[in-house]
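**Student:** Provided below are the primary sequence and the corresponding predicted coordinates.
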Amino acid sequence: MKRTLGTCYYPEHWSREIWEVDARRMAEAGLTWVRIGEFAWSRIEPSRGAYSFDWLDDAISVLGEAGLKVVLSTPTATPPRWMLDRHPEMLAVDVDGRARKFGSRRHYCFSHEGYKAECAQIVAKLAERYGRNPSVAAWQTDNEYGCHDTTLSYSDMARHAFRGWLRAQYPGQGNDGDIEALNKAWGNIFWSMEYNDFDQIDLPNLTVTEPNPSHVLDFRRFSSAQVVAFNKLQADIIRAYSDAPIAHNYMGRITDFDHFAIGDDLDIASWDSYPLGFLEDRIEAAPSYKRAYARQGDPDFQAFHHDLYRAVGKGRWWVMEQQPGPVNWAPYNPEPLPGMVRLWTWEAFAHGAEAVCYFRWRQAPMAQEQMHAGLLRPDSVAAPALAEAEQVYREIADAPEVTSYQSPVALIFDYEADWAWAIQPHGLGASYFDLVFDTYRALRALGLSVDILRQNADFTTYKVILAPGLMHMSDALKGALRASGATVVLGPRSGARDSSMRIPVPLPPAVPGLDVLVSRVESLRPDMQIPLKSGGTITRYHEVLEGDAEVIEETDDGQPAIVSGDCFIYVSGWLDAAAMKRVFGTVCERAGIDVVNMPDGLRRRQTGHEMFWFNYSTAPIDAFGTTFQAASVTREML
Amino acid sequence: MKRTLGTCYYPEHWSREIWEVDARRMAEAGLTWVRIGEFAWSRIEPSRGAYSFDWLDDAISVLGEAGLKVVLSTPTATPPRWMLDRHPEMLAVDVDGRARKFGSRRHYCFSHEGYKAECAQIVAKLAERYGRNPSVAAWQTDNEYGCHDTTLSYSDMARHAFRGWLRAQYPGQGNDGDIEALNKAWGNIFWSMEYNDFDQIDLPNLTVTEPNPSHVLDFRRFSSAQVVAFNKLQADIIRAYSDAPIAHNYMGRITDFDHFAIGDDLDIASWDSYPLGFLEDRIEAAPSYKRAYARQGDPDFQAFHHDLYRAVGKGRWWVMEQQPGPVNWAPYNPEPLPGMVRLWTWEAFAHGAEAVCYFRWRQAPMAQEQMHAGLLRPDSVAAPALAEAEQVYREIADAPEVTSYQSPVALIFDYEADWAWAIQPHGLGASYFDLVFDTYRALRALGLSVDILRQNADFTTYKVILAPGLMHMSDALKGALRASGATVVLGPRSGARDSSMRIPVPLPPAVPGLDVLVSRVESLRPDMQIPLKSGGTITRYHEVLEGDAEVIEETDDGQPAIVSGDCFIYVSGWLDAAAMKRVFGTVCERAGIDVVNMPDGLRRRQTGHEMFWFNYSTAPIDAFGTTFQAASVTREML
Amino acid sequence: MKRTLGTCYYPEHWSREIWEVDARRMAEAGLTWVRIGEFAWSRIEPSRGAYSFDWLDDAISVLGEAGLKVVLSTPTATPPRWMLDRHPEMLAVDVDGRARKFGSRRHYCFSHEGYKAECAQIVAKLAERYGRNPSVAAWQTDNEYGCHDTTLSYSDMARHAFRGWLRAQYPGQGNDGDIEALNKAWGNIFWSMEYNDFDQIDLPNLTVTEPNPSHVLDFRRFSSAQVVAFNKLQADIIRAYSDAPIAHNYMGRITDFDHFAIGDDLDIASWDSYPLGFLEDRIEAAPSYKRAYARQGDPDFQAFHHDLYRAVGKGRWWVMEQQPGPVNWAPYNPEPLPGMVRLWTWEAFAHGAEAVCYFRWRQAPMAQEQMHAGLLRPDSVAAPALAEAEQVYREIADAPEVTSYQSPVALIFDYEADWAWAIQPHGLGASYFDLVFDTYRALRALGLSVDILRQNADFTTYKVILAPGLMHMSDALKGALRASGATVVLGPRSGARDSSMRIPVPLPPAVPGLDVLVSRVESLRPDMQIPLKSGGTITRYHEVLEGDAEVIEETDDGQPAIVSGDCFIYVSGWLDAAAMKRVFGTVCERAGIDVVNMPDGLRRRQTGHEMFWFNYSTAPIDAFGTTFQAASVTREML
Ligand SMILES: [Zn+2]
Ligand SMILES: [Zn+2]
Ligand SMILES: [Zn+2]
């Protein structure tokens, strides 16, 4: 498939006179896609029921006539101010009980039925009008669900909806729900937290000490389901009028809702990739590491999300927003090194992206994101990224097509597991995302290309599957992993909780074929480590194992650290980077997968016919018989 | 007295079938006591007025038939959810004005009269039913007063009650109170804060800048008095029906209410000792220190509380909850070293505990504390602590009885002084508790066994009394100390405030017989220190002295640092550990008390016939002609 | 002019018997001024409408008879408790939406019309009664506007007033305002934030993510204007009854309102100088630096404010409150070194102060500031500062008068620029105040005396004008600077925004005569620096320049760092201390201004006939052929 480029454009921000010039320049730069509309509600419906589509007709027409394809977004992330007059209770409420006021974006509660009805109406209007417009070649629902911590709302509406959701989960006569089933599932007897009726159940914020983890887990599930329902409402309406594919643009490291569930209702996954911003504000790393990559981004963070959203999109995915220069929102916002915009773009393609769209066409001179670079400066002069995008466009034209690749190595990512760790980290700051990402880093440092899988994926094509930290594992999952034919690496915390966030008996992991049981667990201070005999250490989280499984790694003091049985390997703690690389390298080699030792900053991704090499460091790297230039991509035919 | 062991048990958490097995195993392990009931209100009174005692009758019977003695707790720390329907305003309110919601525990305001009436009723029901039950050998009121910052509530109920309390403190005609007396006591003229009426007085939260310290001190006194009254209400009811002793289980380093005042209304003091959790979350120490003791706990923290609660219990005290393995609530929750559960138990006995109960019998697989170890794992297999408990049981049986001991050294601890420092630390983070605890550490490092005393204790049996940081000292206290016959070490901040938190004139300390006056005071940055000529430094807090008292220590630049007169010694600052050990060692030796130089990690406690040695370190220690094994207790007959 | 001394006194805090003694001791110490009354409302009007002036008549009479002059303050910073019964909504509301309660001071919202009417009435009563009293020689309005973060209030009253203010800024028919003009100025289309009516506009707190910077800037302007109006209301009333000059006492580093605008309505600027407290709590510096100056204060902070408030006072300014010993409110509160009170006093005179008043006469034994030292201890014994004040008094009498001085070097300070940086720092913690203060430090390290100027000052008497960080520059300002005849140093961020906080096109700085354009900007991690070829680095904030202006400094990699054209020099980033000193030193020398290299801790200030040298360090400094004693001032005739 020919890979394509695009950009994000806001015709409503600019005077009508420059639309044609903009469109022509986009086309000349080699762009295919133009995403529009996601913040334009106040111009589409300036006051309640008074629609204004002329300008949008015009904008789509201008873009279409320039040969561009439009991704049309629903504007539901920014309801206009008049909406608040109609629905004063539509605002989300934060964990401290404060309404999150109008004046920026995403100021709605997913549980407000009145607002959802308004969304259904505007989406229907748009879909009806543009569903068959030949220039509208794709759709986007809303914008960045979950951004600014907006999945969880503690509003009255959310409380009401949560009670209804719980009744459906714990059904009884009526259905008024079976409150005893809930009391039992949550273990509410523990502190006399038993309910007599679902209407007594509140949201789990502002409790005196920590709320019941089972209570919180159900609230997290509910909150995720509200996002899924909100999205499905829109997708169903669009589908009634249009055959164009529907996407949503996810974010980096937002895990508050189940992206796989959203993905099931959409055609394409996309995400908004801001390598420098993410390095500063959502990666846990030493200052020296952040400084080393301050102008390049983390060498694994983008790749991880590419692989994750490839799974969310069931193979079809885009980068909907690609950082083209400094952003406005991170603690520090440096410029990327020359070459990085090209590198990031090619890396997305190497991982299978169909399209990469740059955010945004022209830097806005006003409002919240005025410090966010675009392909053009506010004065319409080209910013540095434009030339890099044009270079990629020429390279796409000249080079062989990027083809897909089936990896022998898979890594499971599960949103519920992330919620469970967040609810009960046991050790300060212990995060499932970090554990999985550490695992991913280790695999990448071994030169591997990785498929990220959801729990209910097809496991049968892999030689090695890593599944760290899955706090709940259903019997079906355990069976499917065992039946996969792969070597499956579990632990720590695998199967540590039942589906209601209780400790199961028999004790975990309770995997058929693996005679091991986690007898006790402990969390460790950051300055405590448990060394392994063969090198590296256990950090943060440590389990004591019992059972007759074969011991394949021991701690320095002779306790079992990693055991194996049947197709399973169980890791009894959070390994440091050295141990992960050594242990997973050995596992892969035994499974017949070649690994290499990648230098720091150099990463690679295999496609059907090529190996792509990405040098994220600030200096050339000599390795594997080649010199990899700094901030550059190298293509190697296989 | 034969020392005894016990555990905390929740029959309501487990199916009826295993009660007998549990009871038999408890008895076989050598346990005497089983504490039950403190979180069971929702099972005793599942809905308002509908009592269900059958299961509790049954549980007590099962335990009693196994030869165990029951400590029956009142369940008032966890009012059920239906209570909130009856008393919607019963929730405590936090300092930010937010109601502290149902969903965990301790969600009540001590000033809510409706809730207190409900408590009186359930306590009466329990006392009436079980007051003469031969298996119910002791009572516990509520659970861990003050835990989760629950002493101070900023509710409407608390405000109303505070006004009434103030009227009683500043009585006038009626009694509508004497508002001018209050205005004068608080110095309200200072910023035109004068009141015309008690009904104008609010709680001292959310003020623009700091509230009046006199206002806060009275609020702290009121809040403490509310806890005392709440407890007394229960104790009086139980006493009407039962002759069994009544206890409450205090916590570590909770100082928000006056434990001595509660102790006056009870028969036994007990506390909940979690050495590893407390090390992580409520001891100020360097990371390297915390790492060194991460699996053992602080070598002095438990001992300090043992000695403190021995005073609170007027000689009778227990450990009601003893940590048996990792807990769930600290930032990091490692396992204890093998041997530490035994060490902690013996240390309690060495300090005079009558009983040590392990929390809890079996690890709960559900709800908030599912990561909290028990004597049994969730699958009923013995956890490591059980064997250590059994070992202690055998040792109790074989060894001589632990007898009590009168120390020549005493240390005064005063809850009001802690409030005064908290209200006005002068230097960031300066805490009375830390000052007293530093003093205690120094005495322990000198090998001393220490009695902790309240302000109105009998001082006449001591050779040395240390009374640091008593911001208010009554004339009676000054007189009693002078009359004691002991050498009395005062300062810093001794008598620095009158009873209304004002600076007295003449300036402090104004102790008869000691010609010294604190001319000026200053707080110091942590990186500033004032060296003493004889070694060590003054840190954090420093006073400039005037007067003709004998100078016994000088600063490097020749200013008086420690002076003496009559029986008093006055220390003009917060000494560092080296200075405290040197200075207090000299004081003790001059008073005829032998001191030694204890190695780091080794501590000892004298009893009537024995010296107990506790090695808190991870390696054996050779000292005093003996090798003390790591994580172990050594008994030496005297 | 003969410089004078004074103190702050609270007759209402002390018994009537000691007033005469106090007054006599003040006069004997050489004090001229006694400020009174600013917190006495509850004694002047103990209940609504019931005035009690007798005591104040008496106090003024006692002071006057001792030969002292009174500065009479309006008591509006501390409305009594009964005021709240009349105006329950008068409380300011914090950014989290919580009312800021009674119980300390400054608990009023500047937008509450009812409270303002009460203020007008009490001010009129005072002015009427004392306007012609010969002992009342000056007035003070309120006390420390803005202290305790009290400029910004998010109350209903503030919201209402803000809407009215906006209507006036964006006038339309009626005047119901022109909402489209506001929408355009703010760029509200950006996220569909457009308003249909001014009554839809809320205050910019509690938004989901950051509010629109244009919205915030207007709110900041409005909030400042409310303070100005509040002050003018009082000044106008006083002027109707009195010819005595009117002052307000500003604070250190409070920038939330436009002091220049307040200054326009007053006769004298004054400020409250707390060198040790400010060092600890409002200066960004390394701990080692703070430790080095812990007992002296920052060597430039006082001087900066002296020069700033000289401009605010249009030449007439005082220190209304001078720290005499440890304060109560900083994180750590050490004693000053002996000599520092004298040094601080002389430094104020050297910068042109007419009077220096010590806060306070006698340390208060009660309420919030009981740990704040005075000239007397609470027991009326002299504290160390009294002797230093007396020494200054004698020195004033003996030495030549301090005369004024016209500096050749000016530095522009602009409150709106500070708001703009605070709204959009781009890099974490980047502050306009710090940028200007760093510039000031560099000039002082070159031995220069500096005039601080407002935007609309007369620039024609200067050789060099520094104007860093002026995010908005009007065409008038640009023209006035160009016409000044001075060398004008601009950048970074000069003219980076239009008056509505939007990026202007053409891009900044758009200064006539200087062919340079800021093409792109970036913020840097603290551990990233961009070295300059000639030494020093760019830190925090960096701009990429385009244009044909002459390059006078380059980065190590050859990019233009500083350029010049016409009279302008443009600096493309935040220079570190070494670069600032080198670059500004060169600029000054080329403009014919001599510079020297001042040792750390030594600072100087030129007057008409003398050079004053201030040694802020703890050791003597040998330099310029002289030995400057530690913590001391040296006068040198020119
Ligand atoms: Zn509605
Ligand atoms: Zn009630
Ligand atoms: Zn009013």
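**Tutor:** Perfect, I can see it now. Numbering: from 1, shown residues only, chains lettered A, B, ... in the order given. Ligands and ions are numbered 1, 2, ... in the order given.
**Student:** Which of the three states applies to the residue lying closest to residue A:150 once chain neighbours are set aside?
**Tutor:** Once its chain neighbours are removed from consideration, residue A:150 has its nearest residue in residue A:106; the separation is 4.5 Å (Cβ to Cβ, 6 or more residues apart in numbering or on different chains). Where C-beta positions appear, they are placed from N, C-alpha and C, glycine not excepted. Classification of residue A:106 using DSSP: H, G, I helix; E, B strand; the rest coil returns coil.
**Student:** Tell me, how many residues neighbour residue A:594?
**Tutor:** 10 (other Cβ atoms under 10 Å in any protein chain shown).
**Student:** Chain C versus whichever residue of chain A sits closest to chain B, what's the distance?
**Tutor:** The minimum distance from chain A to chain B, using Cβ to the nearest Cβ, falls at residue A:187 (2.6 Å). From residue A:187 across to chain C, the span is 34 Å (Cβ to the nearest Cβ, to the nearest Å).
**Student:** Now that residue: closest residue in space, sequence neighbours ignored.
**Tutor:** residue B:366 (2.6 Å).
**Student:** I'd assumed residue A:193 was in contact with that neighbour.
**Tutor:** No: no contact is recorded between residue B:366 and residue A:193 when judged using Cβ atoms under 8 Å, the distance being 10.5 Å.
**Student:** Identify the contacts common to the two.
**Tutor:** With contacts defined as Cβ atoms under 8 Å, 6 or more residues apart in numbering or on different chains, the residues shared by residue B:366 and residue A:193 are residue A:186.
**Student:** out of those two, which sits in the busier spot?
**Tutor:** Relative neighbour count places residue A:193 above the other of residue B:366 and residue A:193, with 27 against 24, counting by other Cβ under 10 Å.
**Student:** check contacts around whichever residue of the stretch 151-300 of chain A sits closest to ligand 1.
**Tutor:** Evaluated by Cβ to the ion, the stretch 151-300 of chain A has residue A:157 as its residue closest to ligand 1, separated by 8.9 Å. Neighbouring residues of residue A:157 by Cβ under 8 Å, 6+ apart: A:89-90, A:109, A:111-113.
**Student:** same for ligand 2: which of the residues you listed are within range?
**Tutor:** With the criterion set as Cβ under 5 Å from the ion, no member of the contacts of residue A:157 is near ligand 2.
**Student:** Sitting in strands, which of the residues you listed do you find?
**Tutor:** In this view, these have no member that belongs to strands under DSSP state E.
**Student:** Closest approach to ligand 1 from the stretch 401-550 of chain A, which residue is it?
**Tutor:** Each residue of the stretch 401-550 of chain A has a distance to ligand 1, by Cβ to the ion, and the smallest belongs to residue A:419, at 29.1 Å.
**Student:** what helix or strand is the nearest residue in space to that residue that is not next to it in sequence on?
**Tutor:** Leaving aside its sequence neighbours, residue A:419 sits nearest to residue A:220 (Cβ to Cβ, 6+ apart; 4.2 Å). When secondary structure is defined by DSSP states H and E, residue A:220 falls within helix A:213-241.
**Student:** can you count the residues close to whichever residue of chain A sits closest to ligand 1?
**Tutor:** For chain A and ligand 1, the shortest gap (Cβ to the ion) falls at residue A:114, measuring 2.8 Å. By the other Cβ under 10 Å criterion, the neighbourhood of residue A:114 contains 14 residues.
**Student:** same deal with residue A:176?
**Tutor:** 12.
**Student:** give the contact list for the residue of the stretch 401-550 of chain A closest to ligand 1.
**Tutor:** Under the contact definition (Cβ under 8 Å, 6+ apart), the residues listed for residue A:419 are A:217, A:220-221, A:255-256.
**Student:** ok so it is a helix residue?
**Tutor:** Yes: checked against three-state DSSP, residue A:419 lies within a helix.
**Student:** And it, how far from residue A:390?
**Tutor:** 43 Å (Cβ to Cβ, to the nearest Å).
**Student:** where do the helices sit along the stretch 301-450 of chain A?
**Tutor:** Ranges of helices within the stretch 301-450 of chain A are A:301-312, A:340-350, A:384-398, A:415-423, A:432-445, based on DSSP state H, counting those that start in this stretch.
**Student:** ranking those by burial, who's on top?
**Tutor:** Counting by mean count of other Cβ atoms under 10 Å in any protein chain shown, helix A:340-350 has the highest mean neighbour count of those, with a mean of 26.
**Student:** and chain A, which of its residues are near ligand 1?
**Tutor:** Remark: the part of chain A in contact with ligand 1 comprises A:87, A:114, using Cβ under 5 Å from the ion.
**Student:** ok so, going back, and the gap between the residue nearest to residue A:150 and ligand 2?
**Tutor:** Shown here: residue A:106 relative to ligand 2, a distance of 39 Å by Cβ to the ion, to the nearest Å.
**Student:** Which pLDDT value belongs to the closest residue to residue A:253 other than its chain neighbours?
**Tutor:** Distances taken as Cβ to Cβ, 6+ apart put residue A:282 closest to residue A:253, at 4.6 Å, once the chain neighbours are dropped. Model confidence at residue A:282, given as pLDDT, is 94.
**Student:** Was I right to think residue A:282 contacts residue A:251?
**Tutor:** No: under the criterion of Cβ under 8 Å, residue A:282 is not in contact with residue A:251, lying 9.3 Å apart.
**Student:** Which of those two has more residues huddled nearby?
**Tutor:** Taking neighbours as other Cβ under 10 Å, residue A:282 and residue A:251 compare with residue A:251 leading, 21 against 16.
**Student:** so what's that one up against?
**Tutor:** For residue A:251, the contacting residues are A:144, A:146-147, A:271-272, by Cβ under 8 Å, 6+ apart.
**Student:** Can you get me a residue count around whichever residue of the stretch 1-150 of chain A sits closest to ligand 2?
**Tutor:** Distances from the stretch 1-150 of chain A to ligand 2, computed as Cβ to the ion, single out residue A:97 as the nearest residue at 21.9 Å. By other Cβ under 10 Å, 15 other residues sit near residue A:97.
**Student:** quick one: it is in a helix?
**Tutor:** No: assigned with three-state DSSP, residue A:97 falls outside any helix and is coil.
**Student:** Isn't it up against residue A:203?
**Tutor:** No: using Cβ under 8 Å, residue A:97 is not in contact with residue A:203, being 9.6 Å away.
**Student:** any shared contact partners between these two?
**Tutor:** With the criterion set as Cβ under 8 Å, 6+ apart, the overlap between the contacts of residue A:97 and residue A:203 is residue A:154.
**Student:** got the residue ranges for the strands in the stretch 251-400 of chain A?
**Tutor:** A:268-273, A:317-322, A:355-358 (DSSP state E, counting those that start in this stretch).
**Student:** residues contacting the residue nearest to residue A:150?
**Tutor:** Shown here is residue A:106, whose contacts under the criterion Cβ under 8 Å, 6+ apart are A:77-78, A:92, A:144, A:147-148, A:150, C:208-209.
**Student:** Where does the stretch 101-250 of chain A get nearest to ligand 3, which residue?
**Tutor:** With Cβ to the ion as the measure, residue A:101 is the residue of the stretch 101-250 of chain A nearest to ligand 3, at 25.2 Å.
**Student:** got the phi/psi numbers for that residue?
**Tutor:** Note on residue A:101: backbone dihedrals following degrees, to the nearest 10 are phi -80, psi 160.
**Student:** Report the separation between it and residue A:92.
**Tutor:** In this structure, residue A:101 and residue A:92 are separated by 10 Å, where distance is defined by Cβ to Cβ.
**Student:** more neighbours, those two?
**Tutor:** For residue A:101 versus residue A:92, the count of surrounding residues by other Cβ under 10 Å is larger for residue A:92: 26 against 19.
**Student:** so how many other residues sit close to the residue of chain A closest to chain B?
**Tutor:** Summarising burial for residue A:187: neighbours were counted as other Cβ under 10 Å, giving 24.
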